[in-house]
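>>> Build the 3D model from these lines:
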Amino acid sequence: MLLSLVLAVALFACTLPGSSAGGPTSVSATLIAASPEAPTTEPPSPTPPEPADRLWTCPGCGGETVWAFGEGEPRQVTVPAMHAFYAHSQASNQMLFARNAPTQGYGPSDISATDLSLLDVDTGESHILVAEGVVEALLAPNGLDIAYILATPETYELHWLAADGSDRILERDLTFNWSIAPSGAAVAFSRESRYDLPIDPGVYVVSVETGEEVKVSDVDNAGFGGMADAPVWSPDSRELLIAHWAGIDEVRLVLAQADGSGEVDLTIDPAYADEWWATVAIPALLWAPDGEHLVGSPAASAEPYGPSPVLYYRLDRASSSLQDIVLLAEAGTPALWDVPGRSVWILDSDGIPQRLTLP
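Presented below is the predicted three-dimensional model:
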């Protein structure tokens, strides 16, 4: 009602005798001032793309299929024929693999090495990044940067191939138990005896940005074990779990600080001493997001040469022990998280993924 009255008075004033030629302009100005503001419409937010399936098979395994984990049950999908699977990233939907089987030994210890190839899963296109001499490779958490170990006639080098194409040597004289921090800011790696290298055995961490290294543990696997024995990073990238068990008499599971400030040996709560699975020889571990729980498959079996179980542990730092242990399955190998901290995918004794819900 008030708006109508204002408009009527304004129009009447503009028609009075003696109004100047500028009157119509004043009317227009009065009308604009009196008009209610037009509603504004926010542009619709773009719909985020569906996350890519996670592709996985056992590290170092070959073939022409991998498991795809997405909506529903896992399924097998076809990939280019490969000698070895290295890694896949949901962030970029790229997969690292070795296309060709090794034809010779590389480096001072004659280690098997081959090419490094990259598959763009969305387009199906793949190409070779490094033609030969690559021992192992990993994708960084951003899905774009790549770390790989390259054999040279004199030594083994840790390379960082960034998304911008730059390729830097982070370290030399390393061996092959290694992993990238969840932050992407550091790489943990081993230096082991029994290799023809001038090294101080132990586990080290190197900064991706600065190249500075620090020794975090004296663990020396002495050339035993495999890719499952890689150091396991805590979710906050501050700690490492290091398994020491294969081919040796002394079995250890070490909790090390990633800044090199200390390490402790973990034990199993004595309450479980009589259980057949009660050992710290745990080469395959997943660390839950809460930083307090672990899923692992110890090197133990209920029968001679039988399968390993899957256990759920609570890490008690105050006592340096694994407590509140739950047997999840009598056979299986942890593969990757389903819902991190709540459920996990394992491979059963037939190599088929099975989902386990955590307590």
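>>> Helices of the stretch 201-350 of the chain, start to end?
Counting by DSSP state H, counting those that start in this stretch, the stretch 201-350 of the chain has no helices at all.
>>> Let me see the ranges of the strands in it.
Secondary structure of the stretch 201-350 of the chain (DSSP state E, counting those that start in this stretch): strands at 202-207, 213-217, 232-233, 239-244, 252-257, 263-265, 267-268, 284-287, 293-297, 310-316, 321-329, 333-339, 343-347.
>>> With distance to residue 188 and mean neighbour count as extra columns, can I get those in JSON lines?
C-betas here are computed from N, CA, C, even on glycine. Formatted as JSON lines, the strands of the stretch 201-350 of the chain follow (distance: least, Cβ to Cβ, whole Å; neighbours: other Cβ atoms under 10 Å):
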{"stretch": "strand 202-207", "distance to residue 188": "5", "mean neighbour count": "21"}
{"stretch": "strand 213-217", "distance to residue 188": "7", "mean neighbour count": "19"}
{"stretch": "strand 232-233", "distance to residue 188": "7", "mean neighbour count": "21"}
{"stretch": "strand 239-244", "distance to residue 188": "6", "mean neighbour count": "24"}
{"stretch": "strand 252-257", "distance to residue 188": "9", "mean neighbour count": "20"}
{"stretch": "strand 263-265", "distance to residue 188": "12", "mean neighbour count": "16"}
{"stretch": "strand 267-268", "distance to residue 188": "22", "mean neighbour count": "18"}
{"stretch": "strand 284-287", "distance to residue 188": "13", "mean neighbour count": "21"}
{"stretch": "strand 293-297", "distance to residue 188": "17", "mean neighbour count": "23"}
{"stretch": "strand 310-316", "distance to residue 188": "18", "mean neighbour count": "21"}
{"stretch": "strand 321-329", "distance to residue 188": "21", "mean neighbour count": "17"}
{"stretch": "strand 333-339", "distance to residue 188": "19", "mean neighbour count": "18"}
{"stretch": "strand 343-347", "distance to residue 188": "22", "mean neighbour count": "20"}
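>>> Quick one, which of those strands gets closest to residue 276.
strand 321-329 (9.9 Å; Cβ to Cβ).
>>> for the strand ranked longest in the chain, packing partners?
Looking across the chain with DSSP state E, the single longest strand is strand 125-139. Helices and strands touching strand 125-139, as assessed by 3 or more Cβ pairs under 8 Å, 6 or more residues apart in numbering; DSSP states H and E, comprise strand 84-89, strand 94-98, strand 105-106, strand 114-120, strand 146-151, strand 178-180.
>>> Give me the mean pLDDT for the first one.
If you average the pLDDT over strand 84-89, you get 94.
>>> what lines up beside that strand in the sheet?
Paired neighbours of strand 84-89 in the sheet (DSSP bridges): strand 94-98 (antiparallel).
>>> Contacts for the partner strand next, please.
55, 62, 66, 79-80, 82-89, 114-121, 134, 137-139, 143-144, 146 (Cβ atoms under 8 Å, 6 or more residues apart in numbering).
>>> if we can go back for a sec, any chance of the helices and strands packed on strand 125-139 in CSV, with distance to residue 281 and mean neighbour count too?
Formatted as CSV, these follow (distance: least, Cβ to Cβ, whole Å; neighbours: other Cβ under 10 Å):
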stretch, distance to residue 281, mean neighbour count
strand 84-89, 25, 22
strand 94-98, 29, 24
strand 105-106, 29, 16
strand 114-120, 30, 21
strand 146-151, 25, 23
strand 178-180, 19, 21
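>>> CSV for those strands, including distance to residue 215?
CSV is the format used below for the helices and strands packed on strand 125-139 (distance: least, Cβ to Cβ, whole Å):
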stretch, distance to residue 215
strand 84-89, 26
strand 94-98, 28
strand 105-106, 26
strand 114-120, 28
strand 146-151, 19
strand 178-180, 14
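>>> about what we covered before: format the strands of the stretch 201-350 of the chain as TSV; extra columns: distance to residue 171.
TSV is the format used below for the strands of the stretch 201-350 of the chain (distance: least, Cβ to Cβ, whole Å):
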stretch	distance to residue 171
strand 202-207	5
strand 213-217	6
strand 232-233	17
strand 239-244	16
strand 252-257	17
strand 263-265	20
strand 267-268	32
strand 284-287	24
strand 293-297	28
strand 310-316	29
strand 321-329	31
strand 333-339	27
strand 343-347	32
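>>> Of the ones you listed, which is nearest residue 181?
Closest among these, using Cβ to Cβ: strand 232-233, at 5.1 Å.
>>> Now do that closest one: everything it contacts.
Contacts to strand 232-233, defined as Cβ under 8 Å, 6+ apart, come from residues 179-182, 188, 239-242, 258, 285-287.
>>> Can you say which two of those are spatially most distant?
Spatial extent of these (Cβ to Cβ) is set by the pair 258 and 286 at 17.9 Å.
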